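*Asks:* I would like the atomic coordinates for the input below:
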Amino acid sequence: MSAAMRREFAGREELAAYLRDAFPDAVGAEAGLSPWRGGRTAALARMASVDPVRYARTRNFLDGAVTGLSPYLRHGVLTLEEVWRHARTRVADPERDAGKFASELAWRDYWQRLYAQWGEGVWEDREAYKTGLLPGEYAAALPADVAEGRTGLACMDGFREELHDTGYLHNHARMWVAAYVVHWRRVRWQAGARWFLSYLLDGDAASNNLSWQWVASTFSHKPYFFNRENLEKYTEGRYCRGCRAACPFEGSYEDLSRRLFPIL
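*Replies:* Sure, this is the predicted structure:
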C-alpha cells in the first residue's frame, strides 16, 4: 500500500473509531467503515494523480505508484476509456511512456470479454494444471489458519489483515497470497477466489478468478510462484524483518520448483 493510501486510510480509521464510540448501537462494536471514499468526485481526484511513468517503474513495489482506481472501475464510477484518455494527457509520448499502463487496462478489458463469453465458466478450470498434480490432490476448502491470519508467516498474515480491514490488496500481494494458497498449501484456486471476493471492493469474477487461474496454471502455461528474495525486494523487507517463522519461500526458484511440483 502506498504512503498516500495509508494516510487516507488512517483518517478513515479515526472516523470509524469515533463512530463506534459515539454511536455503538448504530454502528456496532465490530463494525468499521470502508477506508475507500466512494463516488465520482473521489474517483476523479484519484485519477488526476495517475502518473503512468512512475506507475511503470514502481508498480511491483508495495509502496509503488499504483493508481488505486480498480474499485471505481469495478463499480462503473470510471470507465477504462476515460482513464486511458486521461493517462495519455500525462505523458509526452503515450506509446513509449504509457505502454505498461495501457497493457494493464487491456488485461482488465480482456478478462471482462472472456467473462462475457464464459459466464459462470470462469469458476471451472479452463485448462489442466501444469504442476504435476491432479485436481483431486488439492483441498477444496481454505485452511482456517489462512482465513484467520494464523499461519505464523508475517507476510501472509499481514496480507490477510489488510484484505479484511481495507477490502484491498496490492496486485503483487494478491499473487503471492494466491501462490501460497494454491502451491504451498495445495488448495484449489476456487477456494481462494471465493475468499477474495468476500472482501475485495474491486473484486469481480472475471479479473479475480482468471487471475487465480493464471497463478494456479489452469489458465496459463506454467504455475506462478515466488521466493523470499522476490517478496523481500518488493516489500522492502517490511514483513521479513520481524518474521520468526521458518520461511517456506527460502531458496532458489529451481529448489522451490523441485519441492512444489513433481514434474517441473
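*Asks:* every contact and neighbour count from this point should use C-alpha atoms.
*Replies:* Will do.
*Asks:* the domain parsing of this protein - what is it?
*Replies:* The chain breaks down into these domains under automatic domain parsing: 36-122, 135-260.
*Asks:* any idea of the mean pLDDT for the shortest one?
*Replies:* Right, domain 36-122. Averaging the model's pLDDT scores along domain 36-122 yields 96.
*Asks:* of the domains of the chain, which approaches D21 most closely?
*Replies:* domain 135-260 (18.2 Å; C-alpha to C-alpha).
*Asks:* off-centre distance for the closest one?
*Replies:* Computed by C-alpha atoms, centre = their mean, to the nearest Å, the separation of domain 135-260 from the middle of its chain amounts to 9 Å.
*Asks:* and it, how far apart are its ends?
*Replies:* Domain 135-260 has an end-to-end distance of 15 Å (criterion: C-alpha to C-alpha, to the nearest Å).
*Asks:* wait, isn't A139 in contact with R188?
*Replies:* Yes. Counting by C-alpha atoms under 8 Å, A139 touches R188, with 5.8 Å between them.
*Asks:* which of the two has more residues huddled nearby?
*Replies:* Between A139 and R188, counted using other C-alpha atoms under 10 Å, the more crowded position is R188 (24 against 15).
*Asks:* pLDDT value on E13, please?
*Replies:* Value for E13, per-residue pLDDT: 63.
*Asks:* let me have the domains of the chain in CSV, extended by distance to Y129.
*Replies:* CSV is the format used below for the domains of the chain (distance: least, C-alpha to C-alpha, whole Å):
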stretch, distance to Y129
domain 36-122, 15
domain 135-260, 5
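*Asks:* tell me the most buried of these?
*Replies:* Comparing the domains of the chain by mean neighbour count (mean count of other C-alpha atoms under 10 Å), domain 135-260 ranks first with a mean of 18.
*Asks:* hmm, who's touching stretch 133-141?
*Replies:* Stretch 133-141 is contacted by residues Y129, V182, R186, V187, R188, Q190, A191, F261, P262 when judged by C-alpha atoms under 8 Å, 6 or more residues apart in numbering.
*Asks:* repeat for stretch 201-212
*Replies:* Stretch 201-212 is contacted from outside by 70-75, 108, 111-112, 114-115, 122-123, 167-168, 175, 178, 189-190, 192-193, 196-197, 219, using C-alpha under 8 Å, 6+ apart.
*Asks:* these in strands, which ones?
*Replies:* With strands defined by DSSP state E, no entry of the contacts of stretch 201-212 lies inside them.
*Asks:* which ones among the residues you listed are found in helices?
*Replies:* 70-74, 108, 111-112, 114-115, 175, 178, 189-190, 192-193, 196-197 (DSSP state H).
*Asks:* could you list the low-pLDDT ranges of the stretch 101-250 of the chain?
*Replies:* Along the stretch 101-250 of the chain, the model assigns pLDDT under 70 to no residue.
*Asks:* mind giving me the packing neighbours of the host helix or strand of L44?
*Replies:* Element membership of L44 [criterion: DSSP states H and E] is helix 40-48. The contact analysis (3 or more C-alpha pairs under 8 Å, 6 or more residues apart in numbering; DSSP states H and E) places helix 40-48 against helix 80-89.
*Asks:* could you give the angle of the helix it packs on to helix 40-48?
*Replies:* Inter-element angle recorded for helix 80-89 and helix 40-48: 40 degrees (by axes from the mean of the first three to the mean of the last three C-alpha atoms, to 10 degrees).
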